[in-house]
Each structure stands twice: as C-alpha cells, then as structure tokens.
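> Have a look at this prediction, sequence included:
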Amino acid sequence: MVYGGGLRRVVIRGGRALALTLACLAVLVPLIYLVINSLKLQSEMYTIPPIIIPSRITFEHFELTLSNVRTVRFLTNSLTVTSIVTAVTVVVSTLAAYGLSRLGLRATWLSLIVFVFLFIRFYPRITTVIPYFLVMRQLNLLDTVWAIIAGHLGITIPFVTWLMLIVFQDLPREVEEAAEVDGAHPVQRFALVALPMAAPGVASAAILTAFLSWNEFLIASSVAKRQAQVLSIAVASFVTERGVQWGPMAAMAVIMIVPMILFALFVQRYLVRGITLGAVKG
C-alpha cells in the first residue's frame, strides 16, 4: 500500500510537471520564434525549408523600425490610450461596483445587471464597428486618441465593474457595519474601510484593463488611420500589397510586447493576490 501510494504521488507529480512544461512551451515557443525572426536576415525569411536558427544575428529590422519617427508616435499614442483608459476604468468601475454591492438589490435584479455586463463584454464586437465609426465621424473625433479611448472604455468598464462587484461582495460586511456604528458616512466607509480591503482586487483590475487596452486592435483600426495609430495597428501595417515584411513586423511586435512583459513581471504578485481575493474564507 505504501509503495502504491508513493508511486501514485510520483505519477501525479510527473503529470503536473509535464502539464506545466507543455503550458510553458505553448507560451514561450511563439515568443522565442518571434524574437528569432526579428534578428534574422531578410533573405532567410522566405527559405524552404524554413531556417529556424539564423546564420547571423542582425539588428537591421530594429534599426529600421526605431529610426522611423512614426514609431515614437505609435508608442506615445499607445501609452496615452492605455493610461487614460486604465485610470478612468478603475475609478468609474470601482465606484459603480461598490454602489451596486451595497444597494441591497434583489438577487434577480443584481443577476440581470451582471448579465448585461457580461453580454456587453462578450458579444461580437465586429457588429459595432460600423455604428461606432459613424458616431465618431459625427462627433469629428476620427483619427484621434479620444475615439480609441471611448471605444476601449465601452469594453473595459462593464468587465471591470463585474470583476469589482465580485470583490466587494466577498468583503466582510462586519467591518463596515462597525465603522457605521462609529458614525462613518458612506463615503468614509468606502474610502477608509472597503477600498483598502479591496486594494488587491483594484490592482488586478487595473492590470487586466491595461492589457486589454494595450492589445486591442479592432476598434483602434476602425477609427485611427494616421495620426492616432497605436502599436497594435503598426504591427499589422507591415502586411502590404507587395507582401509581408516579416522582419520589421517581428521587430515592431517585440517592441510592443516588451513593455507589457516588464509590466507583468513587476505587478504579477498584485495580480495573483487580486485573483485569489475571497477564494479562501475563514
């Protein structure tokens, strides 16, 4: 029995290690191949069979991309859009979620509101591109970062409100009730009691919002043609009528990915804490 139990543990650990290895490979192999292509000679891009390991490392694709003044504008636009969208989304969604969680609504009404949030988040976004384009044209906001920001807010606010609603519902009410007994009004209970307890959830919401806004392509490509283009559009712009410029496109993709990788490494502990908030209750 002991031998059987030990063998079972070895098999389980081996299975977990194999699953983890396969998951890491699924994530890392495309990224590594992207970096290799950004350092590969242009002449080696179209060989059959394909050359995996370049014969010589070159930075010409990065030099070509970074020497283009448009790249700086793309990066600036992406940072502007992501920063504003993240800040507005976190503030608006946190306030909305706290209000919904403390209104004392019936479970039926609250479920209906949550359903609307999820429906807005997951319905086919392509169906709204043309109406949204027409609205932005009427408002004279085409090819501005504000058009992209407004479109992103329509995606992120429902999602983050739903996420923060779950966070606030999992918080212990006793602490707020004690603050109410001590004379704290609703704003004080939110700012001094609920918000500090929900800080990991707020941080994870901000992180997810930043990723969504940074990587979004469909809305940005529909309303931004030249001046307001972001990095996600810049990567796709290397697909031309003359063919795909694989080297510069890979270099631009690496430039786009690196800030998010560094950001993820810096804030990963807050993301984990936010996701696990409320998962264990005493």
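Received it, and whenever you're ready, just let me know what you need.
> Need the per-residue pLDDT for the closest residue to Val90 other than its chain neighbours.
Nearest non-adjacent residue to Val90, counting by Cβ to Cβ, 6 or more residues apart in numbering: Ala206, 5.0 Å away. Every residue, glycine included, has its C-beta placed from N, CA and C. pLDDT recorded at Ala206 is 88.
> Report the secondary structure element holding the residue most central in space within the chain.
In the chain, the C-alpha nearest the mean C-alpha coordinate belongs to Phe211, at 2.0 Å (Cα atoms, centre = their mean). Phe211 belongs to helix 199-215 when assigned by DSSP states H and E.
> Quick check: which helices or strands does that helix pack against?
With contacts taken as 3 or more Cβ pairs under 8 Å, 6 or more residues apart in numbering; DSSP states H and E, helix 199-215 sits against helix 69-102, helix 145-170, helix 231-236, helix 246-276.
> List the buried residues in the last one.
Residues of helix 246-276 classed as buried under the neighbour-count rule (16 or more other Cβ atoms under 10 Å) are 246-257, 259, 267, 270-271, 274.
> for that helix, packing partners?
Short answer (3+ Cβ pairs under 8 Å, 6+ apart): helix 246-276 packs on helix 2-38, helix 60-66, helix 69-102, helix 199-215, helix 231-236.
> Next, the angle from the longest one to helix 246-276.
Relative orientation of helix 2-38 versus helix 246-276 (axes from the mean of the first three to the mean of the last three Cα atoms, to 10 degrees): 140 degrees.
> what helices or strands is helix 2-38 leaning on?
If you count contacts as 3+ Cβ pairs under 8 Å, 6+ apart, helix 2-38 packs onto helix 246-276.
> where's the helix it packs on relative to the chain centroid, distance-wise?
Relative to its chain's centre, helix 246-276 lies at 9 Å (Cα atoms, centre = their mean, to the nearest Å).
> tell me the mean pLDDT over it?
Over the span of helix 246-276, the pLDDT mean works out to 78.
> what does stretch 98-117 give?
What stretch 98-117 shows for mean pLDDT is 81.
> Same check on stretch 69-86?
92.
> ok, residues contacting that stretch?
65, 145, 148-149, 152-153, 156, 206, 209-210, 213-214, 220, 224, 227-234, 252, 255-256 (Cβ atoms under 8 Å, 6 or more residues apart in numbering).
> Swap in 7 Å and give it another go.
Residues from elsewhere that reach stretch 69-86 (Cβ atoms under 7 Å, 6 or more residues apart in numbering): 65, 145, 148-149, 152-153, 156, 206, 209-210, 213-214, 228-231, 234.
> ok, back up a step: closest to Val181 out of the helices and strands packed on helix 199-215?
helix 69-102 (15.9 Å; Cβ to Cβ).
> angle of that closest one against helix 246-276?
20 degrees.
> List the buried residues of helix 69-102.
71, 73-75, 77-78, 80-82, 84-86, 88-90, 93-94, 96-98, 100-102.
> what packs against the next helix or strand after it?
Per DSSP H and E, the first helix or strand lying C-terminal to helix 69-102 is helix 107-122. On a contact count with 3 or more Cβ pairs under 7 Å, 6 or more residues apart in numbering; DSSP states H and E, helix 107-122 meets helix 145-170.
> Pull the number of nearby residues for Leu39.
Neighbour count of Leu39, defined by other Cβ atoms under 10 Å: 18.
> Is the closest residue to it other than its chain neighbours in a helix, a strand, or coil?
Closest residue to Leu39 apart from its sequence neighbours, by Cβ to Cβ, 6+ apart: Ile57 at 4.8 Å. Secondary structure for Ile57, judged by DSSP: H, G, I helix; E, B strand; the rest coil, is coil.
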